[in-house]
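**Q** let's see this in three dimensions:
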Amino acid sequence: MKQFQLGEFEEVVLLTVGILHGNAYGVTIRDEIETRLSRKVSVGALQTTLRRLEKKGFLESNHGDSSQSRGGRPKLFFTLTAEGKKALDYVKESRNQLWGALPEAIINLSFS
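**A** Residues are numbered from 1 along each chain as shown. Have a look, this model is predicted:
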C-alpha cells in the first residue's frame, strides 16, 4: 500500500522512536541511530524527517517539561502512532517477501 511506503531513513527513524518508547526526542533519537548503525545523522535531516513522519500521521509529538539547561525550552518527545506501526509492519512484510524470493544461488553466494 502506497500510503505506508517509507524511505530508508524514515524507516530507521520510526524504528528508533519505537525502540526509545517514552524517551524519544531529537538528541536521543540521533544518538541511538548513530550508536546502533554507526551512521552519522545531521540534526536538520532528522528534524525534517520527524516533521514529515508526523505530518503523515506516523508519529505524534508532545512537549515535555521545561528545564534550565535548555534555556527554559521543553523537549519535544515523539511517539509511534498506530498508523506508524502499520507502516513498519508493511515495510517489514515487503522486505521479507523480497528476501524470500531470492534464489538459493544468491543466498549462498560468497564473496570471500
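**Q** show me what whichever helix in the chain runs longest is packed against.
**A** Longest helix of the chain, by residue count under DSSP state H: helix 82-100. When contacts are defined as 3 or more CB pairs under 8 Å, 6 or more residues apart in numbering; DSSP states H and E, helix 82-100 sits against helix 8-19. (Each C-beta comes from the backbone N, C-alpha and C, glycine too.)
**Q** got the angle between the helix it packs on and helix 82-100?
**A** 120 degrees (axes from the mean of the first three to the mean of the last three CA atoms, to 10 degrees).
**Q** which residue, other than its chain neighbours, is closest to the spatially most central residue of the chain?
**A** With distances taken as CA atoms, centre = their mean, the residue of the chain nearest its centroid is Val13 (1.7 Å). Nearest residue to Val13, sequence neighbours excluded (CB to CB, 6 or more residues apart in numbering): Thr49, at 5.1 Å.
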